[in-house]
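# Return a 3D structure for these sequence lines:
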Amino acid sequence: MGSVFGRITEETPPFVSLKTGENGRYEIRKYEPQIRAVCEYPVTSEDPFAEAGKGFRPLAGYIFGGNKGSSAGGDGERKEKE
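This is a model prediction of the structure:
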């Protein structure tokens, strides 16, 4: 999220502020249900970061138009979650 001197410059989803902590140091927010792109893949290596790139292509395919069919593009599976 980009900001300049506390001014938010990125679009943010609407929310209701449920509670603000002491001195405004934190805020608990409630958001409406949202659709998000998620890419799940099996990790077969002892080092989970070695395979972290596996999720990039299916997710990028979804973002750049692969979400218009029955799959997310690449080898990812399309799922809708709230």
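# For the closest residue to L18 other than its chain neighbours, pull up the helix or strand it's in.
Leaving aside its sequence neighbours, L18 sits nearest to I28 (Cβ to Cβ, 6 or more residues apart in numbering; 4.6 Å). In short, each C-beta sits where N, CA and C put it, glycine included. Using DSSP states H and E, I28 maps to strand 27-31.
# how far away is the most centrally placed residue in the chain from N67?
Compute the mean C-alpha point of the chain, and by Cα atoms, centre = their mean the closest residue is R36, 5.7 Å away. Distance, R36 to N67, by Cβ to Cβ, to the nearest Å: 12 Å.
# ok, back up a step: show me the beta-bridge partners of the residue nearest to L18.
K19 (DSSP bridges).
# Test my guess that it contacts S17.
Yes. Assessed by Cβ atoms under 8 Å, I28 is found in contact with S17 at 7.5 Å.
# can you list the weak-confidence ranges in the chain?
Within the chain, the stretches with pLDDT under 70 are 1-6, 8, 48, 69-82.
# So which residues of it form helices?
For the chain, the helices defined by DSSP state H occupy 56-63.
# one step back: how near is the residue nearest to L18 to E22?
13 Å.
# for G53, same thing?
42 Å.
# more crowded one of these two?
More crowded of G53 and E22, by other Cβ atoms under 10 Å: G53, with 9 against 6.
# which residues touch the more buried one?
Contacts for G53 were tallied using Cβ atoms under 8 Å, 6 or more residues apart in numbering; there are none.
# Next one: it relative to F15, how far apart?
From G53 to F15 the distance is 32 Å (Cβ to Cβ).
# Also Q34?
Q34 is 11 Å from F15, by Cβ to Cβ.
# Between those two, which has more neighbouring residues?
Remark: of Q34 and F15, F15 carries more neighbours, 12 against 8, as counted by other Cβ under 10 Å.
# excluding its backbone neighbours, what's nearest that one?
Using Cβ to Cβ, 6+ apart, the closest residue to F15 is R29 (4.2 Å).
# I'd like to know how many residues surround the one you found.
With other Cβ under 10 Å as criterion, R29 counts 14.
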